[in-house]
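**Student:** give the three-dimensional model of this entry:
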Amino acid sequence: MQPIFAFDFSCNKPAMTCIIDGKIEIYVWPSDIDKTSYERLDDCGIHVYNRKLDKIKDKEFTQHELILEHMRRSTELADKITVTICEIIHGTNYNIESAIISNEGFAFSAKGDAALDLSGYKYILMDRLMQAGFKNFRTYSPITIKKTAGCSKRGLGKDAMIEAFGKEPDSTHKIVEILKQNPQLLKKKTNYIMCMDDIADSYWCLKT
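**Tutor:** Purely as a prediction, here's the structure:
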């Protein structure tokens, strides 16, 4: 089976689930993450790369400064992710040309500055991956990925995707076992800890 690297990509909390030789590994690159979320994800065997970035407050930047800051952050993130994937592949018998990069397409309703920023970050990542030699890209619509998870029914949100992830019978990753046996360990009171929704979405992108 070809190695697959699947993304739920965002500017602030991108997540990647990959599978090589039947083994699943999960990575997240949050711009910043609280101590509790970090420790619980780490306990689950998630590879967490905390970028420790301050929130971008538009009013504190001129338009020119804001563009430069996004350029700096997007290229640093793309480089980190590309290096990580290349290191994973170099530790196996596979080569870059055999790998599949799977990602979620843009929502049709996406608009505004946030959507523009996301598209910019994502295209820079794809450019870095292509420069590194990756050629096999797959893009799936958000609704297609939700259908894979069985969560396309109107009204089902992020928690439904996480809960469906916890019911996967063919995943042996520790985080799935915890979701099955004691999901409260991955929550703060009633809400899931940071990055859980992104992790679940990246898994369903991989499954798709």
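**Student:** what residues of the helix or strand containing K180 count as buried?
**Tutor:** If you go by DSSP states H and E, K180 is part of helix 174-181. Buried residues in helix 174-181, counted by 16 or more other Cβ atoms under 10 Å: I175, V176, I178, L179. All C-beta atoms are positioned from the backbone trio N, CA, C, and that covers glycine.
**Student:** which parts of the protein are helices?
**Tutor:** All helices of the chain, identified by DSSP state H, fall at 35-43, 63-90, 112-132, 142-149, 158-165, 174-181, 196-207.
**Student:** how about the contacts made by the closest residue in space to L118 that isn't next to it in sequence?
**Tutor:** Closest residue to L118 apart from its sequence neighbours, by Cβ to Cβ, 6 or more residues apart in numbering: C11 at 5.9 Å. Counting by Cβ atoms under 8 Å, 6 or more residues apart in numbering, C11 touches S31, R73, S74, L77, D117, L118, Y121.
**Student:** hmm, back to that, just send the buried residues of helix 174-181 back as JSON lines, with distance to P142 and pLDDT too.
**Tutor:** JSON lines is the format used below for the buried residues of helix 174-181 (distance: Cβ to Cβ, whole Å; pLDDT from 0 to 100):
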{"residue": "I175", "distance to P142": "22", "pLDDT": "96"}
{"residue": "V176", "distance to P142": "22", "pLDDT": "95"}
{"residue": "I178", "distance to P142": "26", "pLDDT": "94"}
{"residue": "L179", "distance to P142": "22", "pLDDT": "95"}
